[in-house]
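A.B. asks: Quick check, what structure comes out for this input:
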Amino acid sequence: MVNAQVDAMSRGAVRSSAARMRYWVSSHAVTDFYQGLVPASIPFFVLERDYSYLAASGLALAATLGSALPQPVLGVLADRWRLLWLAPAGLAVAGIGAGLAGLAPSYPLVWLLLLLSGLGIAAYHPAAGRDARRDAGGSAAAMSRFAAGGSVGFFLAPALATPVLVGLGVGGTVVFLPPAVLMAFVLWRYQLRRAQHAVAVKSAGGQDRWVPFLVLTALAVARSVVFLGLNTFLVLYWIDHLGAAPVLGGIALTAFLTGGVLGTLVGGRLADRIGKVNTVRFGCAAVIPALVALRFMPNPVWALLLVAVVGVTVNIPFAVLVALGQDYLPGRPGTAAGVTLGLAVSAGGLFVPLLGLLADRNGTQAVLTALCVLAVPAVVLALVLVAPVAADQAQPT
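C.D. replies: Next up, the predicted model:
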């Protein structure tokens, strides 16, 4: 009888946690949709307004600067004060900036609006990462759903935005403004309801462990280089090296990103079973043979299966790195989320132009070869990682 009551209470707690995580999964998907909307809309700015490629890259830079650099600072603020409004406000600002950019009459105003959108994305992630961990109750699987929500939003942006912008022109970005405002309102109401309940938060081991966190950050940058390099050059690799039609290159990118969403979810499940550090080591090691097999597969159709496997393996550590970073900095979950979700990913993007130079000189196959090599440091860093201090996690009420 007692065991049945305990099991019922446990199932109820799991259902309650899952219900709370829905808000974070959904809001993360909506927020990162606007991160994906920027690269999806840039070609339309070039076509309709005769922006140069340099000007187009400037728009991408504005969004990246806004979303990446402020995240650690905003994470510090989120750790010092509760700022329950920060995640909803960031979501709204992300959507308003990106939504109005297509209506802006001048390049400087477009640039500033995309910078503003990036700042909104930067405001959302540290606060959301902190509060999603609060509601996840220490579950890596729950945090993986949160991370996967962002991947889904980014993935859907070009699929939803392209037909709208083709039909309405670049000004059609305004169509995507209302979802941000609506989701921000829903999330704000949820935060207010949660604020009415007492939440007992215990320090996971007490001391912040900066050396393991710095190793983890370096690993996150290395993983980001591989992921963003593939995301940037896969289509060109299919067309230029494998001799496939552009549509097959697009399918390859879709397979890679779909595998990425699956890998993020698998990583969270694995972490709850074999531990976070072991999961990171497994994912980092598994990506190397998958990448090598892809590099030497001459058939573009068969390579589609391999690129999906690469997408799975390279993303297995993604959400786990976020949760592990918060384990290393138990007193600064917002800072940890800001670095692992924002700064480390964007720092990885700084290496992509170097891969572009390599592609210009030696072809896209050289990029795939380089990525096979660049995946090795992630394995070395994963072996150096230490297990987090076992402690009670925050138990949401």
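A.B. asks: This structure - how does it break down into domains?
C.D. replies: 2-195, 210-384 (automatic domain parsing).
A.B. asks: where does the stretch 151-300 of the chain dip in pLDDT?
C.D. replies: Low-confidence segments of the stretch 151-300 of the chain, defined by pLDDT under 70: 196-206.
A.B. asks: Sketch out the helices for it, chain order is fine.
C.D. replies: 177-195, 210-236, 246-274, 276-295 (DSSP state H, counting those that start in this stretch).
A.B. asks: Any idea which of those gets closest to residue 58?
C.D. replies: helix 210-236 (17.5 Å; CB to CB). The C-beta positions use only the backbone N, C-alpha and C, and glycine is treated the same way.
A.B. asks: in that closest one, what counts as buried?
C.D. replies: Residues 212-213, 215-236 are the ones in helix 210-236 that count as buried (16 or more other CB atoms under 10 Å).
A.B. asks: Equivalent analysis for stretch 244-264, please.
C.D. replies: Applying 16+ other CB under 10 Å to stretch 244-264 flags 244, 248-264 as buried.
A.B. asks: Likewise for stretch 155-170?
C.D. replies: For stretch 155-170, by 16+ other CB under 10 Å, it's 155-158, 160-161, 164-165, 170.
A.B. asks: Filter the residues you listed down to the ones in strands?
C.D. replies: Among the buried residues of stretch 155-170, no member falls in strands (DSSP state E).
A.B. asks: Contacts only, for the residue lying closest to residue 324 once chain neighbours are set aside.
C.D. replies: Excluding the flanking residues, the one nearest residue 324 by CB to CB, 6 or more residues apart in numbering is residue 276, at 4.6 Å. Contacts for residue 276 (CB atoms under 8 Å, 6 or more residues apart in numbering) come out as 140, 320, 323-324, 327, 387-388.
A.B. asks: From residue 25, how far out is residue 276?
C.D. replies: Counting by CB to CB, to the nearest Å, the gap from residue 276 to residue 25 is 20 Å.
A.B. asks: How about residue 376?
C.D. replies: From residue 376 to residue 25 the distance is 33 Å (CB to CB).
A.B. asks: With residue 314 instead?
C.D. replies: 21 Å.
A.B. asks: Chain neighbours aside, what residue packs nearest to residue 112?
C.D. replies: Per CB to CB, 6+ apart, closest to residue 112 is residue 62, 7.6 Å.
A.B. asks: I figured that neighbour hits residue 108, correct?
C.D. replies: No - if you go by CB atoms under 8 Å, residue 62 and residue 108 don't touch, sitting 10.2 Å apart.
A.B. asks: So for the two, which residue has more residues nearby?
C.D. replies: Between residue 62 and residue 108, counting by other CB atoms under 10 Å, residue 62 is the more crowded of the two (22 against 8).
A.B. asks: how much space between the closest residue to residue 52 other than its chain neighbours and residue 107?
C.D. replies: Of all residues not flanking residue 52 in the chain, residue 46 sits nearest, at 7.9 Å (CB to CB, 6+ apart). In this view, residue 46 and residue 107 are 12 Å apart by CB to CB.
A.B. asks: Same check on residue 270?
C.D. replies: From residue 270 to residue 107 the distance is 46 Å (CB to CB).
A.B. asks: Which one's more surrounded, the two?
C.D. replies: residue 270 (22 against 14).
A.B. asks: who's in contact with the closest residue to the more buried one other than its chain neighbours?
C.D. replies: Using CB to CB, 6+ apart and skipping the chain neighbours, the partner closest in space to residue 270 is residue 279 (4.4 Å). Going by CB under 8 Å, 6+ apart, residue 279 touches 140, 267, 270-271, 316-317, 320.
A.B. asks: Swap in 6 Å and give it another go.
C.D. replies: 267, 270-271, 320 (CB atoms under 6 Å, 6 or more residues apart in numbering).
A.B. asks: quick one: which of the residues you listed is nearest to residue 382?
C.D. replies: Among the contacts of residue 279, and counting by CB to CB, the member closest to residue 382 is residue 320, at 10.6 Å.
A.B. asks: measure the closest one to residue 261 for me?
C.D. replies: Distance from residue 320 to residue 261, by CB to CB: 15 Å.
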